[in-house]
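Peer 1: how does the following fold in three dimensions:
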Amino acid sequence: MIRVWGITMNQEDKAAALSHIAASYSRTDDVLDTKLLKPIGKAGSENEPVYYDVVQDTEADAAAAAAADLPLAFAQPRPSQGDTPTDGSSDDGLVRYCPPASYDAREFTMLRLYDMTPRLIKSVMSELDLRHEDFPFRLSVKEQEIVELTQKPNEPKAPLLAMGRSGTGKTTCIVQRLFHQWCQARDEMKHTPDIAKPMRQLFVTASPTLKDQVAKQFRKLQAAVLSPEEMARVAAATAREYHSLSCIPDEAFPLFLSNHQYLRMLDATVRQPFFRNRDPLTCAILDEVDAADQLEIAWDLEAEAEQDSTDAIATGQPVAATRTASGRRRGRRQAHSDNSGAASGAMHELTYALFERLWSRLDSGIVRDDSERGKKGLESHLVFQEIMSYIKGSAEAIDSDAGILSLEEYLSLGAKRAANYNQELRTVVYSLMQSYQRQKAQHRLYDRPDLVHHLHKQLKKDGYQGIAITHICRDEVQDFVQGELLLDLLVLGPQHAGQLFYCGDTAQSIARGVGFRFTDVKSMLIQQHHQLIQKHRIQVAEPQLHRLDVNYRSHAGILDVANAVVSVMQEYFPLSMDRCDKRMSYWLLLSATWPCWVFLST
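Peer 2: All right, here's what the predicted structure looks like:
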């Protein structure tokens, strides 16, 4: 391997590059991810470069290398072959290889290495603009396996699940896998245009910010491959705003969407959309409110609750009776209102912020604690999770006619899957869910499972009517309920059911109301694939779960604290998150500042 650190015609840039090389080399002592190598051949000449390769350490390889008089190469020895040298070498010729570290003292990342391709050389010599172009860099062995994992043409496709804590390279794997597949499809279109089919990839995540960052990274990789004319067409296609998964040009793919966009674009393709009032030309929704308007609704709910209590005191009536009368008045107002909005007449999405406002109004109807309307021992955010993830958002609920589990079905869920409450408290939660449904209808609200169930019902009835999608990737998949993942299978159809790639970490969810475990998703996909096999007589392989456990973002000191926190979470909430091996740091903590615990007394 010949490592080129920089190419420049400027003397000042040369001096800076040399200082960076020296700094990177000196910082390799802090790197934990090192390899112990053993020579297996001889160099042909002292003037020849020394070549390194990680090969199998067998006597046959060593003998073949010596007989062929090959350049000096090294293989990683087995643990039984003696002690590990600490100074980089030993009397047996063993040497330690340290991957290059970042030269910036403020960064704890590895230096990116790139394969020297003709395109890369051309770009560097023409003064590569890193703001607009980039190339795939070298990955770890595990990451490369995920990126390049493909099945042979006659083999059934297998969904791919990648689980890892923060900083382990999950999003990097998604970007490079998308690019790897895109390059393969591009080559097929070049060499076999008559039989090659267009590849249309979809990337979905809950965070709009993450969506934009991933799209930016991918477009920079594209820019290094496409001609200026082709890139101009891509830029024009991606600059447009799409409101439906129909009539999208191939240049716009891969399509990078937030989950909010994805559900609404999918809704525009069904025969009976959930959001009926759309622009006839663009399919844009005309009457959906934003978060600021939702907050106004929340304040109106609180004001109405206070007015109910005031009226009850003034008239001497029970508070519950006044609230019932108020609910009837709201019901009459709703009956006379314009129903041109969502399928149920609902206009506003109920988020957790609105649920907190409704919490005080929910009544289980079960006499357990009059002062808390039967909610003693229950937390609002956990009840919201039970409703969103299990009672309404589970695969069983979304696949049912009503879109809600019955009480018996809810009680039958295993403790590993729904670990928040026991059987007695689940009964109370179910009653609160029924009260929640009534409040939601009175205030013309809908929640995400309502939309997902409607889409699932329409897709199962009429099939997916939008442009053909061949691959779907989801990053931070722990922010989605099971029912949303069912939609992916219906969009892909039987022919592409195995082209799923989900990445995530159950220890870092940003979505309220989502209870997620990779083991549950894997079981759900296996069950759905068995149904596909029985119904369509096709072969779909079982999902493959890969774990990433090396952290490239933080040094060992920070990671030790993070592992300690996660260990406590796993100790006290063993059923709420997937178990991972402790994250290993790429960096040993030597010169960095040690983190410390801070205990605050109340």
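Peer 1: for stretch 203-211, buried residues please.
Peer 2: Buried residues in stretch 203-211, counted by 16 or more other CB atoms under 10 Å: F203, V204, T205, A206, S207, L210, K211. (Each C-beta comes from the backbone N, C-alpha and C, glycine too.)
Peer 1: which ones among the residues you listed map onto helices?
Peer 2: Taking DSSP state H, the ones among the buried residues of stretch 203-211 that sit in helices are L210, K211.
Peer 1: include pLDDT and distance to E484 when you put the buried residues of stretch 203-211 into JSON lines, please.
Peer 2: Listed next are the buried residues of stretch 203-211 as JSON lines, based on pLDDT from 0 to 100; distance: CB to CB, whole Å:
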{"residue": "F203", "pLDDT": "96", "distance to E484": "15"}
{"residue": "V204", "pLDDT": "95", "distance to E484": "9"}
{"residue": "T205", "pLDDT": "93", "distance to E484": "12"}
{"residue": "A206", "pLDDT": "90", "distance to E484": "10"}
{"residue": "S207", "pLDDT": "90", "distance to E484": "15"}
{"residue": "L210", "pLDDT": "93", "distance to E484": "16"}
{"residue": "K211", "pLDDT": "94", "distance to E484": "15"}
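Peer 1: now flag whichever of the buried residues of stretch 203-211 is closest to S123.
Peer 2: F203 (25.2 Å; CB to CB).
Peer 1: how near is that closest one to Q527?
Peer 2: Distance, F203 to Q527, by CB to CB, to the nearest Å: 25 Å.
Peer 1: helices and strands of this structure: which one has the lowest mean pLDDT?
Peer 2: Least confident element among the helices and strands of the chain, by mean pLDDT, DSSP states H and E: helix 59-68 (a mean of 42).
Peer 1: could you look up the SS state of D560?
Peer 2: Under DSSP: H, G, I helix; E, B strand; the rest coil, D560 falls in the helix class.
Peer 1: count of neighbours near it?
Peer 2: 16 (other CB atoms under 10 Å).
Peer 1: which residues touch it?
Peer 2: Taking CB atoms under 8 Å, 6 or more residues apart in numbering, we find D560 in contact with no residue.
Peer 1: rebuild the buried residues of stretch 203-211 as a markdown table, extending it with distance to L111.
Peer 2: As requested, these are arranged in a markdown table below (distance: CB to CB, whole Å):
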| residue | distance to L111 |
| --- | --- |
| F203 | 27 |
| V204 | 32 |
| T205 | 28 |
| A206 | 32 |
| S207 | 28 |
| L210 | 25 |
| K211 | 28 |
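Peer 1: tell me which of the buried residues of stretch 203-211 is nearest to P159?
Peer 2: Taking the buried residues of stretch 203-211 together and measuring to P159 by CB to CB, the closest member is V204, at 14.5 Å.
Peer 1: re the thing from before, between the buried residues of stretch 203-211, which is closest to H443?
Peer 2: Comparing the buried residues of stretch 203-211 against H443 with CB to CB places A206 closest, at 24.7 Å.
Peer 1: so that closest one sits against E476, correct?
Peer 2: Yes - between A206 and E476 there is a contact under CB atoms under 8 Å: 5.9 Å.
Peer 1: quick one: average pLDDT of stretch 137-144?
Peer 2: Mean per-residue pLDDT for stretch 137-144: 81.
Peer 1: what about it, how long is it end to end?
Peer 2: Stretch 137-144 has an end-to-end distance of 10 Å (criterion: CA to CA, to the nearest Å).
Peer 1: residues of it that come out buried?
Peer 2: Applying a neighbour-count criterion of 16+ other CB under 10 Å, the buried positions in stretch 137-144 are L139, S140, K142, E143.
Peer 1: between those residues, which is nearest L286?
Peer 2: E143 (44.3 Å).
Peer 1: for the helix or strand harbouring the closest one, which outside residues touch it?
Peer 2: Assigned by DSSP states H and E, E143 belongs to helix 141-148. Residues outside helix 141-148 that contact it (CB under 8 Å, 6+ apart): L139, L160, A162, G169, T172, C173, Q176, R177, H180, H546, L548, V550.
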